[in-house]
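Enquirer: Structure for this input, please:
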Amino acid sequence: MAAYKTLKGQSIRQVAQDPTNPIEGEIWYNTTIGVLKGFPALLAWSSGGSLSTGHQDTMAAGTQTAGLCFGGTPPTGGIVATEEYNGSGWAAGGDMNTARRGAAKFSAATQTAALVFGGSGPPNPTLTNATEEYNGSSWTSVNNMPVAKYIMGGAGIQTAALSFGGYNGTVKLATTEEYDGTNWTSGGAMSTARYSLGSAGLQTAALGFGGNANPPTTISETEEYNGSSWTSGGDLNSGRRYIAGAGLQNAALGFGGGPAAIVLTEMYDGSSWTNTVDMGIAQKNHGGAGLQSAALACGGESPTNSRRVTQEFNISTTVFTPSAWASSGNMTTGRRHMGSSGTSTLALSAGGLPYSGTAEEFNTSSWTNGGSMNTTRTYLSGFGLQTASMATMGFRQSPPGPNTSTKTYDGSSWTNAPAVPAANNFNVGVGILTAGFAAGGESDMDSTLEWNGSSWTAGNNMNIDRDRAGGAGTSTAGFVFAGEAPPGRLVSSEEYDGTNWTSGGNLNSQHGDTAGDGLQTAAMCVSGYGPDGGESKSCEIYDGTSWRTTASSATGQQGPGAAGTTASMVKFGGNTGPSATTEIFTEGSTSPNIKKITSST
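Expert: This next block holds a predicted model:
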């Protein structure tokens, strides 16, 4: 075998430690540990933040770090919802003017200059030729397409777009339409009429692949458009329909598809398709956006059928570990609606249902029993640290009813502290042992009670009634979010400066009977009851202005406890059961893809 120097024209360099900024393809020998190492590119799919709304038969646009997912089902007639992606989570965007599903499956348009055209809207199925442009916050109706059709391919940008193939309600189509930013005109017809195809590229260099053709069959054919006519390209290795695409004509990605949802992914180089790494979760009827080296898949049908799945494909020299929840040691006793405080590695749970006066302490991975409060109660609030914590109010077991009791915890025992002026329960606590507040609650839903380390005083009322809410921050930079108030669950949030309350950003979905922690500018809302009334797995992060989704927890819980930051959060207990389950959230991270080189590498 030829030497490396003969093949590459240079020797492998020897170093005492791995380089801090290696370049792709670099190889070196680490003399300290006697290992040959390299820095290759990595091809991988990873999970992204969950969509807030279920989107099936949906559309997508933009990039992996600035993407859009819009429209789709259910209901079967189509929806108007738009969601914006920042590379880690989704936030609400402006609604479309026309509810629809099955519009063009791909657009190279950006998050701030997107385009949607065609599709099927209510009453279902009613095909539409409506065209809309998105400016990053709202959709505007513009000139209609010359024909109404849906489940077609799409390519290009907002001012130079392409529509091809599709279905008009009667027959499969081969027609092509070109958009110049104002008007639609006819382009060259495809060689094969088809719908539910994948697509990628630009108006003058587009790609259409797969789909359903005549006679009704799933095909693997690929066609390339040069701005006036279509010619044959290399076939997919696996024919499919309901497939999504991303990238350019000579560097495209096709992923997922059906009839049954699959994980297959293929890369196109301008002449042929090559199988690459599978998706982590099978998807079909999903949206696709981005580039071949950094693609985004969102929504669609999957084995979970949640229609909220997001996945990211990357060709990179860095390894991305997505944000995720992982199981940890169970509580000693299952409980819900307890007071919670502390950090993700040193958390405290106090009281709860079944009626309890005991505390539990979490230390990194396991729970142990702590001191008893002597008063059995639930629906209480807590704030502070594991060794310097406050538990206040709640619903007393005997005699039953809301109470005014306040106790402090020093890490081993509880001590009576001054009572609050009026009994309450289902309120939320924020702060530390020497400076905090309790807000809202079932008995006085807009109240604020301030604690200065020795006494309670009434503060200014919140703007919105709420109980069963989540809280974060400090006594002078506090934050209260979500919760419940007649007639239902809330999406609103409020910020507290130590004196006044002001409105914060709305969550993307309702969270009642929830929990959370963090700072006013970096808070997390954890689980609770969702908009459908079920126990939700959804979690969202606040940046001081707006909310975005993040990784969903493994189990949905109502009435859990939580402690920590947006980088590391622990969630525990909850549910009617109640549950002893504990999960820890870790924020996503990247690291260099340095590999040990062996004879089998």
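
Enquirer: Now Q386: phi and psi?
Expert: Phi and psi for Q386, reported as degrees, to the nearest 10, are phi -60, psi -30.

Enquirer: contacting residues for it?
Expert: S341, G342, T343, L346, A347, L348, E361, F362, G411 (Cβ atoms under 8 Å, 6 or more residues apart in numbering). Heads up, the C-betas are built off the backbone N, CA and C, glycines and all.

Enquirer: okay, now G34: neighbour count?
Expert: Neighbour count for G34, taken as other Cβ atoms under 10 Å: 7.

Enquirer: Correction: the previous question concerned W230.
Expert: Neighbour number of W230 under other Cβ under 10 Å is 20.

Enquirer: and what of A522?
Expert: Neighbours around A522, by other Cβ under 10 Å: 16.

Enquirer: just the contacts of Q386 now: which is nearest W456?
Expert: Of all the contacts of Q386, W456 sits closest to S341, with 17.3 Å by Cβ to Cβ.

Enquirer: returning to what we had before: mind checking which of the contacts of Q386 are buried?
Expert: S341, G342, T343, L346, A347, L348, E361, F362 (16 or more other Cβ atoms under 10 Å).

Enquirer: Out of the helices and strands in the protein, which is least certain?
Expert: Ranked by mean pLDDT, DSSP states H and E, the weakest helix or strand in the chain is helix 4-8, scoring a mean of 53.

Enquirer: Can you identify the element that follows it toward the C-terminus?
Expert: Remark: after helix 4-8, the chain's next helix or strand is strand 13-15, criterion DSSP states H and E.

Enquirer: what packs against that next one?
Expert: strand 27-30 (3 or more Cβ pairs under 8 Å, 6 or more residues apart in numbering; DSSP states H and E).

Enquirer: where's the strand it packs on relative to the chain centroid, distance-wise?
Expert: From the chain centre to the centre of strand 27-30 is a distance of 39 Å (Cα atoms, centre = their mean, to the nearest Å).

Enquirer: Show me the strands paired with the following helix or strand past it, marking each as parallel or antiparallel.
Expert: Note on strand 27-30: by DSSP H and E, the next helix or strand toward the C-terminus is strand 35-38. Looking at strand 35-38 with DSSP bridges, its partner strands are strand 27-30 (antiparallel), strand 595-596 (antiparallel).

Enquirer: Restricting to C-alpha, output strand 35-38 in CSV.
Expert: Provided in CSV are the C-alpha atoms of strand 35-38 (Å, rounded to 0.1, in the frame of the first residue of the first chain):
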residue,chain,number,x,y,z
VAL,A,35,-3.6,7.6,18.4
LEU,A,36,-4.1,8.6,14.8
LYS,A,37,-7.0,11.0,14.5
GLY,A,38,-9.0,12.8,11.8
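
Enquirer: Next, the buried residues of that strand.
Expert: K37, G38.

Enquirer: in the stretch 1-150 of the chain, which ranges drop under the pLDDT threshold?
Expert: Within the stretch 1-150 of the chain, the stretches with pLDDT under 70 are 1-10, 24-25, 39, 107.
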